[in-house]
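Colleague: Build me a model:
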Amino acid sequence: MTLPIPSGTRDVLPDEMRELRAIGDALRGVFEEAGYGEVSTPALEYESVLAKGDLAGARPAYRVVDDHGDVLVLRSDMTVPIARVASSRYSSAELPLRFWYLAHAYRQVRPRRGMSRELLQVGIELIGSGAPEGTAEALTVLCRGLAATGLRDFRVGLGDASLFPAVLDGLGLPDDARGRILHELSTHDFVGVERELAAAGLTRDAADSLVALAQQRGGAEVLDAVPEAAAQAVAGMRDVHALLDDDVADRVIFDLGLVRDLGYYTGAVFEVYDPALGVPLGGGGRYDDLLGQFGRPVPAVGFALVVDRLHLALHGEERG
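Modeller: Predicted coordinates:
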């Protein structure tokens, strides 16, 4: 007799658990060697706290009301809780602060097969270190952590959250149209981008040019195609890349259409790709305005990896 479990969750049995633990241990070694300390936060947060992060792309899956009548949610993201910790528990601490975590998050998903509501995430948050130095450090820790797990073929797409908003602003598009276009970019739905651009009244040639721009990935040469309106974003991406050691820089590709689906990102953003898996293994970026929502306005950057996806990619590379 098999009893049901909640949709979007699963049981993890001993053999797989040992492999997941080994992945976590490999990443832990890299994080701690880089000076990051492990932090844990409550699985439950006040809904009003998580709302400060503009988590449209990571809406909580579960809500409860406590015995005081307050609305609580199972966290859908770890960056916002750690921003809360850094602002409240380290309000006068010397910067930068370096944290890492291994924790579950719980998100709403579209009701289709294979989508997880419960995600085991591992990541870092570097608080108080601005661009480009802080971004370069986060990318370095990311790439060296992935290499330590044994992953061989991964690449990291580097973009900037301000790039496409700047391009769209230069075209004079209204905010509502811009929001819909950025949403389609965050899901890598270029057909949807074309649809929204047409609905916003752009000519076919202008829409085609924007879609082509969003699909540009590669070396530094792709940055030459970016309109002048986004020159600041391009300069920031070049500055980050110039600070990377060769072993990290070789893993990084510029991804002009990269838009993360969390509203708190402000500058450099990145995603991890591996040919053994058809979805990103994780990603991150700068969120320089988020801690100001909690009373300590300092710059910050971080990333999160989905451990189950990393596990699948490792097995996929072994089979390949």
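
Colleague: As a check, name the ranges of all helices in the stretch 51-200 of the chain.
Modeller: 79-89, 133-149, 163-170, 175-186, 190-199 (DSSP state H, counting those that start in this stretch).

Colleague: Kindly reformat those helices as a markdown table containing distance to residue 155, mean neighbour count and mean pLDDT.
Modeller: The C-beta positions use only the backbone N, C-alpha and C, and glycine is treated the same way. As requested, the helices of the stretch 51-200 of the chain are exported to a markdown table (distance: least, Cβ to Cβ, whole Å; neighbours: other Cβ atoms under 10 Å; pLDDT from 0 to 100):
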| stretch | distance to residue 155 | mean neighbour count | mean pLDDT |
| --- | --- | --- | --- |
| helix 79-89 | 23 | 21 | 96 |
| helix 133-149 | 10 | 23 | 98 |
| helix 163-170 | 19 | 20 | 85 |
| helix 175-186 | 19 | 17 | 82 |
| helix 190-199 | 19 | 17 | 85 |
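
Colleague: Which one of those helices lies nearest to residue 295?
Modeller: For those, the distance to residue 295 is smallest for helix 79-89, at 5.4 Å, taking Cβ to Cβ.

Colleague: for the closest one, packing partners?
Modeller: strand 44-46, helix 47-50, strand 97-106, strand 118-127, strand 300-306 (3 or more Cβ pairs under 8 Å, 6 or more residues apart in numbering; DSSP states H and E).

Colleague: the inter-axis angle of it versus strand 118-127?
Modeller: Calculated by axes from the mean of the first three to the mean of the last three Cα atoms, to 10 degrees, helix 79-89 forms an angle of 40 degrees with strand 118-127.

Colleague: Restricting to C-alpha, output helix 79-89 in CSV.
Modeller: Output in CSV follows, covering the C-alpha atoms of helix 79-89 (Å, rounded to 0.1, in the frame of the first residue of the first chain):
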residue,chain,number,x,y,z
THR,A,79,18.2,35.4,0.2
VAL,A,80,15.4,37.4,1.9
PRO,A,81,15.7,35.6,5.3
ILE,A,82,19.5,36.0,5.2
ALA,A,83,19.0,39.7,4.4
ARG,A,84,16.8,39.9,7.4
VAL,A,85,19.4,38.2,9.6
ALA,A,86,22.2,40.4,8.3
SER,A,87,20.3,43.6,9.0
SER,A,88,18.9,42.6,12.4
ARG,A,89,21.6,40.4,14.0
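
Colleague: what's in contact with that helix?
Modeller: Counting by Cβ atoms under 8 Å, 6 or more residues apart in numbering, helix 79-89 makes contact with 39, 41-42, 45, 49-50, 52-53, 55, 75, 97, 99, 101, 125, 127, 262, 264, 287, 290-291, 293-296, 300, 302, 304, all of which sit outside it.

Colleague: Of the helices and strands packed on helix 79-89, which shows the lowest average pLDDT?
Modeller: Lowest mean pLDDT within those: helix 47-50, at a mean of 92.

Colleague: Buried ones in that one, by neighbour count?
Modeller: For helix 47-50, burial by neighbour count (16 or more other Cβ atoms under 10 Å) applies to 49-50.

Colleague: which residues touch it?
Modeller: With Cβ under 8 Å, 6+ apart, helix 47-50 has contacts from 60, 63, 71-73, 75-77, 80-81, 84.

Colleague: starting at the chain centroid, how far to that helix?
Modeller: 19 Å (Cα atoms, centre = their mean, to the nearest Å).

Colleague: Strands of the stretch 201-320 of the chain, residue ranges please.
Modeller: With strands called from DSSP state E, counting those that start in this stretch, the stretch 201-320 of the chain shows them at 217-218, 252-255, 268-274, 277-286, 300-306.

Colleague: for these, which one sits closest to residue 161?
Modeller: Judging those by Cβ to Cβ, what sits closest to residue 161 is strand 268-274, at 5.0 Å.

Colleague: so the closest one versus helix 133-149, what angle?
Modeller: Using the same axes, to 10 degrees: strand 268-274 against helix 133-149 is 10 degrees.

Colleague: what's the most distant pair in the contacts of helix 47-50?
Modeller: Farthest apart among the contacts of helix 47-50 by Cβ to Cβ are 63 and 84. That separation is 18.3 Å.

Colleague: Now residue 27: phi and psi?
Modeller: phi -70, psi -40 (degrees, to the nearest 10).

Colleague: shouldn't it be in contact with residue 148?
Modeller: Yes: contact criterion Cβ atoms under 8 Å: residue 27 and residue 148 qualify, at 6.7 Å.
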